[in-house]
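In: sequence and computational prediction follow.
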Amino acid sequence: MFKVSIIGAGNVGATAAQYIAMRNLADVVLIDINEGAAMGKSLDLLQTGPVTSHCAHLSGASGYESTANSDVVVITAGIPRKEGMSRDQLLKINAQIVSSAAEQAVKLSPDAVFVIVTNPLDVMTQLAYQITGLPSQRVIGMAGVLDSGRFQTFIAAELAVSPVDVKAMVLGGHGDLMVPLLRHSSVNGIPALELISEARLQELAVRTRDGGAEIVSYLKSGSAYYAPGASVALMVEAILQDQNRLLPCSVLATGQYGLNNVYVGLPVVLGRSGVKRIVELPLNSSELQALQKSAAAIEKNVVVMNDLIGWGKPAIVEAAVDELPGVVVVTAPVAAIAEPAEPHQAAEPSVSAPEAASAEPAEPVAK
Ligand code: APR
């Protein structure tokens, strides 16, 4: 059996564990600062084995020892976004949590592929890349699979067809500036634009963008976790089984789409070694502009984040943190975040400074 460690045994982490176990993909270790949650949920899931015919072993702990030699490490630990809270407001607290999780996990599983889920997604993935010092091919953010799944769901409902027949891809950051590709959406090979008017498809794209917030508004407390957990499991499956799935994932751009040194949602081929390659679609100018604008917003927050963890100039972080409503910091102070032996350098923004400065600020929405 493969071994997957999931850091953060909350809603998304436990749901991902459930999908992974039920599909017999791997044994799962759940790690949570709340040890009881990790132990209780893993024991509960273990007991689904005889009932649902899976043979995955599941265990839980608060310490990282049992994560050693994982094939995949998933990081979902963090503070979830609350209603009305932007993802980017989560930045300071979740940077502390993700830094600590990534640093501890990579020491014990240096060969693992890391899948990051914590929001703000693209920024946290870049942070994990910097902290672990791993090749970017092995540090990947989960967002595009989820956002694309939402878009596909809405297209299927609109046309009253099976969601299985709908293909659609959402690129860009996991935020307000995400880029649903209308022209590339299809129903069993038929371009969606031949079946739905562009205006209506645009409405579905907007609902996709707001998809997480829509769920938060119903739940009142907490945010989506079934589709996020399933999306994690899909990526884990593609990695462990070396499936070469072509999926939108948050990955480090290295010149593709005119972007450099920024984690942003792009189409990739995903397999056992992680990202095997980034696929470059011939985007039209408005699609490309939207993608670059989305990436610029991420870069702006990466600068804030690097300031926060001491990898950049001291800065404007306090203002952002002061806006966090009702959040209690439970982790170590920033100063306690140690740099690993050979971390990656903080990325230089790939767009010019004035452009980055005019990027969208915090992106309100949803998981
Ligand atoms: N180490 C380990 N686990 C931690 C730590 C830490 N330092 N800090 C928090 N956690 C755990 C919490 O105890 C909780 O069980 O992370 C878990 C987060 O779970 P939920 O609060 O249920 O949040 P969830 O809905 O699962 O979302 C997880 O995904 O989309 C992102 O931003 C979102 O950060 C959130 C993450």
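Out: Nice, I can see it.
In: leaving out chain neighbours, which residue sits closest to residue 145?
Out: residue 231 (4.1 Å; Cβ to Cβ, 6 or more residues apart in numbering). To be clear about C-beta, it is placed using only N, CA and C from the backbone, and glycine gets the same treatment.
In: name the SS class of that neighbour, please.
Out: When classified by DSSP: H, G, I helix; E, B strand; the rest coil, residue 231 comes out as helix.
In: would you confirm that it contacts residue 142?
Out: Yes: in this structure, residue 231 is within contact of residue 142 by Cβ atoms under 8 Å, at 5.6 Å.
In: neighbour-wise, which of these two wins?
Out: More crowded of residue 231 and residue 142, by other Cβ atoms under 10 Å: residue 142, with 31 against 27.
In: how near is the residue in the chain that the ligand sits nearest to to residue 23?
Out: In the chain, the residue that lies nearest the ligand is residue 10 (1.7 Å; Cβ to the nearest ligand atom). Using Cβ to Cβ, to the nearest Å, residue 10 is found at 21 Å from residue 23.
In: now do residue 8
Out: In terms of Cβ to Cβ, residue 8 sits 20 Å off from residue 23.
In: looking at these two, which one has more neighbours?
Out: More neighbours surround residue 8 than the other of residue 8 and residue 23, with 27 against 14 (other Cβ under 10 Å).
In: just list the residues touching that one, thanks.
Out: 31-32, 75-78, 101, 117-118 (Cβ atoms under 8 Å, 6 or more residues apart in numbering).
In: and if you look at residue 14?
Out: 30, 41, 45, 229.
In: ranges for the helices of the stretch 201-350 of the chain?
Out: Taking DSSP state H, counting those that start in this stretch as the test, the helices found in the stretch 201-350 of the chain are 211-219, 226-240, 285-308, 317-322.
In: cool, the stretch 51-200 of the chain as well?
Out: 91-108, 121-132, 144-159, 198-209.
In: and among those helices, the most buried is which?
Out: helix 121-132 (a mean of 29; mean count of other Cβ atoms under 10 Å).
In: is the ligand contacted by that one?
Out: No: with Cβ under 6 Å from any ligand atom as the measure, helix 121-132 is seen stopping short of the ligand, the closest distance being 6.9 Å.
In: show me the contacts for the nearest residue to residue 208 once chain neighbours are set aside.
Out: Leaving aside its chain neighbours, residue 208 sits nearest to residue 151 (4.3 Å; criterion: Cβ to Cβ, 6+ apart). Residue 151 sits next to 168-170, 180, 185, 204-205, 208 when contact means Cβ under 8 Å, 6+ apart.
In: residue 143 against residue 118, yeah?
Out: No: counting by Cβ under 8 Å, residue 143 does not reach residue 118; the two are 10.8 Å apart.
In: okay, these two: which has more neighbours?
Out: Taking neighbours as other Cβ under 10 Å, residue 143 and residue 118 compare with residue 118 leading, 32 against 28.
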